[in-house]
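# I'd like to go over a predicted model; first the sequence, then the structure.
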Amino acid sequence: MSETRSYYGRPVVKEPVWKDEIALYFFTGGLGGASSVLSLVARATGHELLAQRSIQIASAADAVSPPLLIADLGRPERFLNMLRVFKVTSPMSVGSWILAYTSAASSVSAFLNTIGRLPRVAELTRLAAAGSGAPLAIYTSTLISNTAIPVWHEARRELPFLFGSSAAASAGAAAVIAVPPAEAGPARRLAVGGVLVENVLFKLMERRLGMVGEPYSKGQAGTYKKLAIGCTLSGAALLAGPGRRSRLAAVAGGALTLAGEVALRFSVFKAGFQSARDPKYTVEPQRARLSAQPADPRSRTRPVSGDGSM
Amino acid sequence: MLDSYGSDAKERVGFFTDTSICIGCKACEVACKEWNLVPEDGLVWTGESYDNTSALGANTWRHVAFVEQKEPARLEGDQPDALRWLMSSDVCKHCTHAACLDVCPTGALFRTEYGTVVVQEDVCNGCGYCVPACPFGVIDRRHLPRSPADPPAEILGLQLGKREDGRAWKCTLCYDRLKGGHEPACAKACPTESIQFGPLDELRERAGKRLEKLEAENWNGARLYGNDPDDGVGGFGAFFLLLDEPEVYGLPPDPVVTTAHLPEMWKTAAVATGALVLGVVASFLGGPR
């Protein structure tokens, strides 16, 4: 294929203006959301300690998330405008409502549990937070897919599952650190399972995307991806092996996995910027789409050798 | 599209930018900045023909592109040393299906009674979602590394200074001028009528005739861009007559509004949500160890 024609190599779409807080939020949102689901299922199946620690992890993550988002706004003092309307065409609007609801519910629950009052209200709010936990973990993938950034938009089939498995691995890994190995079985399986699924998904996603997926392996995104693969796989191996008995190995494996999950979010985040920067990722797929259609009789271009520019 | 305005709806208006008669004077850029109080955004020499503005952005709402080509202007006979200079004034497309408007979580971006797309600067909280959502890279968050002592900004009382403005900005198609019964500043200032303002239906008809004329005169590469209501954004409110492929001017050849795929994306998200819950439940099979 000849070189993509462009305007002095300048980008067609704008790079996002989001800062690293947003990539971190992808992690904390996933950790918080999946941890509250983990807590609920643990409670239902009689794993009391796991349930208690997971809801604490969820509350902590849910408490960190809104400040991360507000810090990234161009006008932080106007953060409440996020709740001015509700729009299904804007995953950020939907997500703001989900986060506001989850965050409120999980902090009330954690507060009541800590002071030991109103146990029924505490339980209800915990249920409420768990109900929105999974959507909280997933919606961020819909948010970035719903842009003109090729590497995000074209990955719209895989990203929700990638973010979901990363959230599961994060919740499992955090719980493994907080609970002794004897009671951490389900969390360990969740972490190892999440890591395996996410690594396979990442490979499949890149293969399907082809040229559009290149940014995932280049520059900062590529470095973060290598880090993610290395940390998550070695963390999962520690958890699946010595981590079953040794608390120390479990803590080390959990920490490695968490670090890998942060790196994974950064890899996806940075790939978006790299994808926007090079016009070929925007132009080539659109050209391919056009040439698959019957030619427009009104459009006439003289065949030229080279791109004709001076 | 304008149903929600009821009897207050006005005829949809827009721009037809005929680049075949653009002379690259940049009067549109200047008029736009003057009328809309758009701040200066750096004075640099790019070395890219006569273009030192480079791209549309928060502080550039009209951008004149310059492309120098070893190409004949008209397809007649053999012209081995042919040269041509393409000039085109780019602007916000005011899409029929506007991604920026769809994704805006605060409702700051809205559809006016004229069918145009405008940001309310008193509502925008600078979340930045519209920036990567636009398939043309038009809208951006305003960064102002300006000195607060900069006189024009101080005189005009704008919130410019040490702090970044932080909000998203773009062409308003001179909403204020439309309200007063005037045409937008860029169209008013254009000396060759390369920028034509008017009711969209009328502009489309005029553009079709213009293309026929250029084709009859053997102009090289003449084509309309954004005039088709069935394209990926439902047709542009501001469309163009170009003399080469859109990407040569920095425009996407086949833009599609991202929200066209949103129903499918929400479905995938719902399935992934279910999968996450099932995954957690499955991890409890097999007891505590």
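Arrived safely. Numbering: from 1, shown residues only, chains lettered A, B, ... in the order given.
# make it CA atoms for all contacts and neighbour counts henceforth
Noted.
# and the strands in the stretch 101-250 of chain B, which stretches?
B:109-111, B:117-119, B:140-141, B:168-169, B:195-199, B:223-225, B:238-242 (DSSP state E, counting those that start in this stretch).
# will you turn those into a markdown table that also has mean pLDDT?
Below are those laid out as a markdown table (pLDDT from 0 to 100):
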| stretch | mean pLDDT |
| --- | --- |
| strand B:109-111 | 97 |
| strand B:117-119 | 98 |
| strand B:140-141 | 94 |
| strand B:168-169 | 97 |
| strand B:195-199 | 98 |
| strand B:223-225 | 98 |
| strand B:238-242 | 98 |
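# would JSON lines of those with mean neighbour count and distance to chain A be doable?
Converted to JSON lines, the strands of the stretch 101-250 of chain B look like this (neighbours: other Cα atoms under 10 Å in any protein chain shown; distance: least, Cα to the nearest Cα, whole Å):
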{"stretch": "strand B:109-111", "mean neighbour count": "19", "distance to chain A": "12"}
{"stretch": "strand B:117-119", "mean neighbour count": "23", "distance to chain A": "14"}
{"stretch": "strand B:140-141", "mean neighbour count": "26", "distance to chain A": "7"}
{"stretch": "strand B:168-169", "mean neighbour count": "27", "distance to chain A": "9"}
{"stretch": "strand B:195-199", "mean neighbour count": "20", "distance to chain A": "21"}
{"stretch": "strand B:223-225", "mean neighbour count": "24", "distance to chain A": "5"}
{"stretch": "strand B:238-242", "mean neighbour count": "26", "distance to chain A": "10"}
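# quick one, longest helix in chain B?
Longest helix of chain B, by residue count under DSSP state H: helix B:262-282.
# for that helix, which outside residues touch it?
Here helix B:262-282 makes contact (Cα atoms under 8 Å, 6 or more residues apart in numbering or on different chains) with A:34, A:37-38, A:41, A:89, A:134-135, A:138-139, A:142, A:145-146, A:156-157, A:160-161, A:164-165, A:168, A:190.
# now do that helix, average pLDDT.
Along helix B:262-282, the predicted confidence averages to a pLDDT of 98.
# okay, the strands of the stretch 101-250 of chain B in CSV with distance to residue B:82 next?
As requested, these are exported to CSV (distance: least, Cα to Cα, whole Å):
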stretch, distance to residue B:82
strand B:109-111, 45
strand B:117-119, 41
strand B:140-141, 38
strand B:168-169, 40
strand B:195-199, 27
strand B:223-225, 20
strand B:238-242, 19
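# picking up where we left off before, can you narrow the contacts of helix B:262-282 down to the ones near chain B?
A:34, A:37-38, A:41, A:89, A:134-135, A:138-139, A:142, A:145-146, A:156-157, A:160-161, A:164-165, A:168, A:190 (Cα under 8 Å from any Cα of the partner chain).
# what residues does the nearest residue to residue B:141 once chain neighbours are set aside make contact with?
Excluding the flanking residues, the one nearest residue B:141 by Cα to Cα, 6 or more residues apart in numbering or on different chains is residue B:168, at 4.2 Å. Residues near residue B:168 by Cα under 8 Å, 6+ apart: B:58, B:119, B:121, B:124, B:126, B:128, B:130-131, B:139-142.
# give me that answer again for 6 Å
B:126, B:140-141 (Cα atoms under 6 Å, 6 or more residues apart in numbering or on different chains).
# which bits of the stretch 151-289 of chain B sit near chain A?
Proximity of the stretch 151-289 of chain B to chain A, by Cα under 6 Å from any Cα of the partner chain, involves residues B:166-167, B:221, B:223, B:247-250, B:254, B:258, B:269, B:272-273, B:276, B:283-284, B:288-289.
# spatially nearest residue to residue 8 (excluding sequence neighbours)?
All of this refers to chain A. residue B:48 (7.3 Å).
# please refer instead to chain B.
Using Cα to Cα, 6+ apart, the closest residue to residue B:8 is residue B:113 (6.9 Å).
# who in the stretch 151-300 of chain A is up against chain B?
A:160-161, A:164, A:182-183, A:185-186, A:189-190, A:286, A:299-300.
# residue A:43 is in what secondary structure piece?
Assigned by DSSP states H and E, residue A:43 falls within helix A:20-44.
# other SSEs contacting the helix or strand following that helix?
Remark: after helix A:20-44, the chain's next helix or strand is helix A:48-72, criterion DSSP H and E. If you count contacts as 3 or more Cα pairs under 6 Å, 6 or more residues apart in numbering or on different chains; DSSP states H and E, helix A:48-72 packs onto helix A:20-44, helix A:91-115.
# and among those, the most buried is which?
Most buried of those, by mean neighbour count (mean count of other Cα atoms under 10 Å in any protein chain shown): helix A:20-44, with a mean of 26.
# follow-up on the earlier one: least reliable of the helices and strands packed on helix A:48-72 going by mean pLDDT?
Among these, helix A:91-115 scores lowest, at a mean of 90.
# for the longest helix seen in chain A, enumerate the helices and strands it packs against.
Using DSSP H, we find that the single longest helix of chain A is helix A:247-277. Under the contact definition 3+ Cα pairs under 6 Å, 6+ apart, helix A:247-277 sits against helix A:20-44, helix A:159-178, helix A:219-240.
# at 10 Å what do you get?
helix A:20-44, helix A:133-145, helix A:150-153, helix A:159-178, helix A:185-209, helix A:219-240, helix A:279-292, helix B:130-133 (3 or more Cα pairs under 10 Å, 6 or more residues apart in numbering or on different chains; DSSP states H and E).
# what angle separates the first one from helix A:247-277?
What that stands for is helix A:20-44. Here helix A:20-44 runs at an angle of 140 degrees relative to helix A:247-277 (axes from the mean of the first three to the mean of the last three Cα atoms, to 10 degrees).
# in the chain, what helix or strand scores lowest on average pLDDT?
Picked chain A for this. helix A:119-131 (a mean of 88; mean pLDDT, DSSP states H and E).
# that was the other one, I meant chain B.
helix B:151-156 (a mean of 46).
# so which bits of the longest helix of chain A are buried?
A:247, A:249-277 (16 or more other Cα atoms under 10 Å in any protein chain shown).
# give me the buried positions along stretch A:116-130.
Result for stretch A:116-130 [16+ other Cα under 10 Å]: buried residues A:122-123, A:125-130.
# over to stretch B:253-262?
In stretch B:253-262, the ones that count as buried by 16+ other Cα under 10 Å are B:253-259, B:262.
# mind putting these into CSV with secondary structure?
Formatted as CSV, the buried residues of stretch B:253-262 follow (DSSP: H, G, I helix; E, B strand; the rest coil):
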residue, secondary structure
B:253, coil
B:254, coil
B:255, coil
B:256, coil
B:257, coil
B:258, helix
B:259, helix
B:262, helix
